[in-house]
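Asks: Build the 3D model from these lines:
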Amino acid sequence: MTDTRNTEIFDTTETEMDAVSMLKADHEKVNALFEEYEKAESDEEKKELVAEICAELSVHAQLEEEIFYPAFKAAHEDKMLVPEATVEHATMMSLIEQIEGIEPDGEDYDAKVKVLSEYVKHHVKEEQSEMFTKAKTDSLDLDELGALMAERKIDLLAERD
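Replies: Residues are numbered from 1 along each chain as shown. So this is what the prediction gives:
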(Lines give C-alpha, C1' and ligand atoms only; values in the text may rest on other atoms or scores of the structure.)
Protein backbone atom coordinates (compact mmCIF):
# COMPACT_ATOMS: atom_id res chain seq x y z
CA MET A 1 0.00 0.00 0.00
CA THR A 2 1.34 3.44 -0.89
CA ASP A 3 0.56 5.76 2.01
CA THR A 4 0.44 9.38 0.86
CA ARG A 5 -1.35 10.84 3.85
CA ASN A 6 0.40 12.59 6.70
CA THR A 7 0.95 9.83 9.22
CA GLU A 8 1.52 12.22 12.08
CA ILE A 9 -1.63 12.88 14.06
CA PHE A 10 -0.32 16.20 15.33
CA ASP A 11 1.05 18.76 12.91
CA THR A 12 3.25 21.29 14.69
CA THR A 13 1.83 24.12 12.59
CA GLU A 14 -1.38 23.74 14.59
CA THR A 15 0.32 25.50 17.50
CA GLU A 16 0.09 28.68 15.45
CA MET A 17 -3.54 28.31 14.38
CA ASP A 18 -6.54 30.03 15.85
CA ALA A 19 -9.14 27.72 17.37
CA VAL A 20 -11.54 27.74 14.42
CA SER A 21 -8.76 27.11 11.89
CA MET A 22 -7.44 24.26 14.01
CA LEU A 23 -10.85 22.63 14.31
CA LYS A 24 -11.48 23.03 10.57
CA ALA A 25 -8.10 21.43 9.83
CA ASP A 26 -9.14 18.48 12.01
CA HIS A 27 -12.42 18.23 10.09
CA GLU A 28 -10.59 18.18 6.76
CA LYS A 29 -8.14 15.55 7.94
CA VAL A 30 -10.88 13.23 9.18
CA ASN A 31 -12.86 13.69 5.98
CA ALA A 32 -9.78 12.69 3.96
CA LEU A 33 -9.32 9.62 6.16
CA PHE A 34 -12.94 8.57 5.58
CA GLU A 35 -12.40 8.97 1.82
CA GLU A 36 -9.32 6.75 2.06
CA TYR A 37 -11.34 4.17 3.97
CA GLU A 38 -13.89 4.01 1.15
CA LYS A 39 -11.06 3.15 -1.26
CA ALA A 40 -9.29 0.69 1.08
CA GLU A 41 -9.01 -2.81 -0.29
CA SER A 42 -7.59 -4.82 2.60
CA ASP A 43 -8.83 -5.42 6.12
CA GLU A 44 -5.43 -4.36 7.46
CA GLU A 45 -5.66 -1.01 5.65
CA LYS A 46 -9.21 -0.50 6.93
CA LYS A 47 -8.14 -1.31 10.48
CA GLU A 48 -5.26 1.21 10.32
CA LEU A 49 -7.50 3.93 8.91
CA VAL A 50 -10.22 3.30 11.50
CA ALA A 51 -7.64 3.51 14.30
CA GLU A 52 -6.49 6.88 12.98
CA ILE A 53 -10.06 8.13 12.44
CA CYS A 54 -11.08 7.12 15.96
CA ALA A 55 -8.00 8.75 17.51
CA GLU A 56 -8.54 11.97 15.57
CA LEU A 57 -12.23 12.16 16.43
CA SER A 58 -11.76 11.30 20.09
CA VAL A 59 -9.07 13.92 20.64
CA HIS A 60 -10.97 16.50 18.58
CA ALA A 61 -14.20 15.98 20.54
CA GLN A 62 -12.37 16.23 23.85
CA LEU A 63 -10.70 19.50 22.80
CA GLU A 64 -14.03 20.95 21.82
CA GLU A 65 -15.79 19.84 24.98
CA GLU A 66 -13.02 20.92 27.36
CA ILE A 67 -11.95 24.20 25.77
CA PHE A 68 -13.86 25.47 22.74
CA TYR A 69 -17.47 24.75 23.72
CA PRO A 70 -17.27 26.27 27.21
CA ALA A 71 -15.69 29.46 25.81
CA PHE A 72 -18.27 29.65 23.02
CA LYS A 73 -21.15 28.98 25.40
CA ALA A 74 -20.00 31.73 27.77
CA ALA A 75 -19.48 34.26 24.99
CA HIS A 76 -22.89 33.62 23.44
CA GLU A 77 -24.91 32.54 26.44
CA ASP A 78 -25.65 29.59 24.17
CA LYS A 79 -28.41 27.25 25.20
CA MET A 80 -28.76 25.22 22.00
CA LEU A 81 -25.69 24.86 19.77
CA VAL A 82 -23.30 23.54 22.43
CA PRO A 83 -25.78 21.13 24.05
CA GLU A 84 -26.72 19.77 20.61
CA ALA A 85 -23.06 19.38 19.62
CA THR A 86 -22.32 17.62 22.91
CA VAL A 87 -25.15 15.13 22.32
CA GLU A 88 -23.83 14.54 18.79
CA HIS A 89 -20.39 13.85 20.27
CA ALA A 90 -21.87 11.26 22.62
CA THR A 91 -23.48 9.43 19.71
CA MET A 92 -20.24 9.64 17.73
CA MET A 93 -18.29 8.20 20.67
CA SER A 94 -20.75 5.32 20.91
CA LEU A 95 -20.07 4.44 17.27
CA ILE A 96 -16.34 4.75 17.88
CA GLU A 97 -16.59 2.30 20.79
CA GLN A 98 -18.29 -0.18 18.45
CA ILE A 99 -15.48 -0.15 15.87
CA GLU A 100 -12.29 0.93 17.63
CA GLY A 101 -9.82 -1.85 18.24
CA ILE A 102 -11.80 -4.64 16.63
CA GLU A 103 -11.08 -6.55 13.46
CA PRO A 104 -12.95 -5.54 10.31
CA ASP A 105 -15.62 -8.20 9.98
CA GLY A 106 -17.42 -7.40 6.79
CA GLU A 107 -20.64 -5.59 6.13
CA ASP A 108 -21.51 -4.56 9.69
CA TYR A 109 -18.07 -3.04 10.26
CA ASP A 110 -18.19 -1.15 6.96
CA ALA A 111 -21.75 -0.01 7.71
CA LYS A 112 -20.74 1.37 11.11
CA VAL A 113 -17.82 3.25 9.59
CA LYS A 114 -20.13 4.62 6.89
CA VAL A 115 -22.70 5.77 9.47
CA LEU A 116 -19.91 7.36 11.52
CA SER A 117 -18.68 9.17 8.41
CA GLU A 118 -22.14 10.48 7.57
CA TYR A 119 -22.75 11.49 11.16
CA VAL A 120 -19.45 13.36 11.37
CA LYS A 121 -20.16 15.15 8.06
CA HIS A 122 -23.53 16.31 9.41
CA HIS A 123 -21.95 17.49 12.67
CA VAL A 124 -19.15 19.32 10.82
CA LYS A 125 -21.60 21.06 8.50
CA GLU A 126 -23.65 22.39 11.41
CA GLU A 127 -20.61 23.34 13.43
CA GLN A 128 -18.91 25.21 10.61
CA SER A 129 -22.01 26.98 9.31
CA GLU A 130 -23.40 28.00 12.70
CA MET A 131 -20.99 27.80 15.60
CA PHE A 132 -17.75 28.75 13.85
CA THR A 133 -19.43 31.62 12.02
CA LYS A 134 -20.66 33.04 15.32
CA ALA A 135 -17.31 32.41 17.04
CA LYS A 136 -15.52 34.58 14.47
CA THR A 137 -17.83 37.53 15.11
CA ASP A 138 -17.62 37.77 18.88
CA SER A 139 -15.21 38.64 21.64
CA LEU A 140 -13.60 35.20 21.83
CA ASP A 141 -9.81 35.27 21.59
CA LEU A 142 -9.53 32.53 18.98
CA ASP A 143 -5.73 32.73 18.95
CA GLU A 144 -5.55 32.13 22.70
CA LEU A 145 -8.09 29.30 22.46
CA GLY A 146 -6.09 27.79 19.60
CA ALA A 147 -2.90 27.86 21.67
CA LEU A 148 -4.67 26.22 24.63
CA MET A 149 -6.15 23.58 22.37
CA ALA A 150 -2.81 22.85 20.69
CA GLU A 151 -1.15 22.39 24.06
CA ARG A 152 -3.95 20.12 25.28
CA LYS A 153 -3.85 18.14 22.03
CA ILE A 154 -0.20 17.30 22.66
CA ASP A 155 -1.12 15.99 26.12
CA LEU A 156 -4.08 13.96 24.85
CA LEU A 157 -2.05 12.36 22.08
CA ALA A 158 0.71 11.49 24.54
CA GLU A 159 -1.89 9.79 26.76
CA ARG A 160 -3.06 7.67 23.79
CA ASP A 161 0.44 6.33 23.11
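Asks: Which residue ranges of the protein form helices?
Replies: Taking DSSP state H to define them, one finds helices in the chain at 19-39, 43-63, 69-76, 81-99, 107-126, 132-136, 142-160.
Asks: what's the span of stretch 98-110 from first residue to last?
Replies: 12 Å (C-alpha to C-alpha, to the nearest Å).
Asks: In that stretch, which residues are buried?
Replies: 99, 104, 109-110 (16 or more other C-beta atoms under 10 Å). C-beta: built from backbone N, CA, C; applies to glycine.
Asks: Turn those residues into TSV, columns for distance to residue 69.
Replies: Shown next, in TSV, are the buried residues of stretch 98-110 (distance: C-beta to C-beta, whole Å):
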residue	distance to residue 69
99	25
104	32
109	30
110	31
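Asks: Which of these sits closest to residue 63?
Replies: Checking the buried residues of stretch 98-110 against residue 63 with C-beta to C-beta, the nearest one is residue 99 at 21.1 Å.
Asks: could I get the helices of the chain as a markdown table with mean pLDDT?
Replies: What follows is the helices of the chain, written out as a markdown table (pLDDT from 0 to 100):
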| stretch | mean pLDDT |
| --- | --- |
| helix 19-39 | 97 |
| helix 43-63 | 96 |
| helix 69-76 | 92 |
| helix 81-99 | 95 |
| helix 107-126 | 95 |
| helix 132-136 | 91 |
| helix 142-160 | 94 |
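Asks: show me what contacts the residue nearest the centre of the chain?
Replies: Nearest residue to the geometric centre of the chain (C-alpha atoms, centre = their mean): residue 57, 3.5 Å. For residue 57, the contact set (C-beta atoms under 8 Å, 6 or more residues apart in numbering) comprises 30, 92, 96, 120.
Asks: I figured the last one was touching residue 29, is that so?
Replies: Looking back up the chat, that one is residue 120. No - using C-beta atoms under 8 Å, residue 120 is not in contact with residue 29, being 11.4 Å away.
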